[in-house]
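**Q** Curious how this folds, go ahead:
(one chain, ligands or ions: 2)
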Amino acid sequence: MTTKLKPSFVLIDLDGTLIDSVPDLAYCVDETMKQLGLPVRGEAAVRNWVGNGVQRLTERALINAVDGMPEQALMDKAYPIFLALYQENTSKRSCVYDGVVEGIEWMKAQGYRVACVTNKAEAFTLPLLKDKGLLEYFEVVVSGDTCAEKKPHPMPLLHAADLLGVSAENALMIGDSKSDVKAARAAGFHIFCMTYGYNHGEDIRDYHPDVIMDSFAELPNYLEAK
Ligand SMILES: O=C(O)COP(=O)(O)O
Ligand SMILES: [Mg+2]
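**A** Numbers count the residues shown, from 1 in each chain. Ligands and ions are numbered 1, 2, ... in the order given. Prediction:
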């Protein structure tokens, strides 16, 4: 990208973009598996399963694969166990990625409005952002169960625009996965992606975001200053 963008507002994904949440999610997946008498799955596998909400994560953990569905009876047993564990283990092992605070503070200092749009259910999103000191940066938070549809559907992005009271034109999404790219394209947003995030084991470059960044600290290279 040659010219710097001046987006009307900026939406930021949570898992794999702001916060490395996999250590807590993997702990809860493995404890759930143990309680069900199933083999633990480990952090590397869980890393490939995050991004479509906690229900889909639990389904993937049960079948030990990205695609496919478990038996409904097994899911009915597993999901409440996972939810109870994640409620107690939302943020203890999770970390804000280096550069995130610097990048957000830079954007805020330039007058950019920022909001968070995640597929994580609100009951976990708000405590996680709060515990990690990020909640105060966001004017609006749209979670995985806020709208009838999740990313890759554009609905949560457009809903965030509505809540901010601005047109969705010339807006920017910053994410880590193909769901973020697809949702942003469908909503007519610009899309920047982080190299370090979770994308189901695929290289995010294959989905051709406008910009690829290793750190939020690179944002001044791509966004206009005040
Ligand atoms: O899978 C989740 O629960 C959330 O993922 P996201 O924050 O990357 O949208
Ligand atoms: Mg993500």
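**Q** The residue lying farthest from the centre of the chain and Ala78: what is the separation?
**A** Residue farthest from the centre of the chain, counting by CA atoms, centre = their mean, is Gly37 at 29.8 Å. Using CB to CB, to the nearest Å, we find Gly37 at a distance of 11 Å from Ala78. Placement of C-beta: from N, CA and C, glycine included.
**Q** Next, show the common contact partners of the two.
**A** Here Gly37 and Ala78 share no contacting residue, scored by CB atoms under 8 Å, 6 or more residues apart in numbering.
**Q** Which residue ranges of the chain form strands?
**A** 10-12, 19-20, 95-96, 114-117, 141-142, 172-175, 190-194, 211-213 (DSSP state E).
**Q** Now do the domain split for this protein, please.
**A** 10-20+94-221, 22-88 (automatic domain parsing).
**Q** So is the shortest one next to ligand 1?
**A** Yes: interface with ligand 1: domain 22-88 contributes 50-54 (CB under 6 Å from any ligand atom).
**Q** avg pLDDT for that domain?
**A** Rounded to a whole number, the mean pLDDT of domain 22-88 is 98.
**Q** which other residues reach stretch 135-151?
**A** Contacts for stretch 135-151 (CB under 8 Å, 6+ apart): 12-13, 52-54, 104, 108, 113-122, 125-126, 129, 153, 155-157, 159-160, 163-164, 175, 179-180, 182-183.
**Q** hmm, it in reach of ligand 2?
**A** No: using CB under 5 Å from the ion, stretch 135-151 stays clear of ligand 2, coming no nearer than 8.5 Å.
**Q** for that stretch, which positions count as buried?
**A** 137-138, 140-147, 150-151 (16 or more other CB atoms under 10 Å).
**Q** Compute the first-to-last residue distance for that stretch.
**A** End-to-end span of stretch 135-151 (CA to CA, to the nearest Å): 20 Å.
**Q** by contact count, what packs against the lengthiest helix in the chain?
**A** Looking across the chain with DSSP state H, the single longest helix is helix 72-88. Secondary-structure packing of helix 72-88 (3 or more CB pairs under 8 Å, 6 or more residues apart in numbering; DSSP states H and E): helix 22-36, helix 54-63, helix 122-131.
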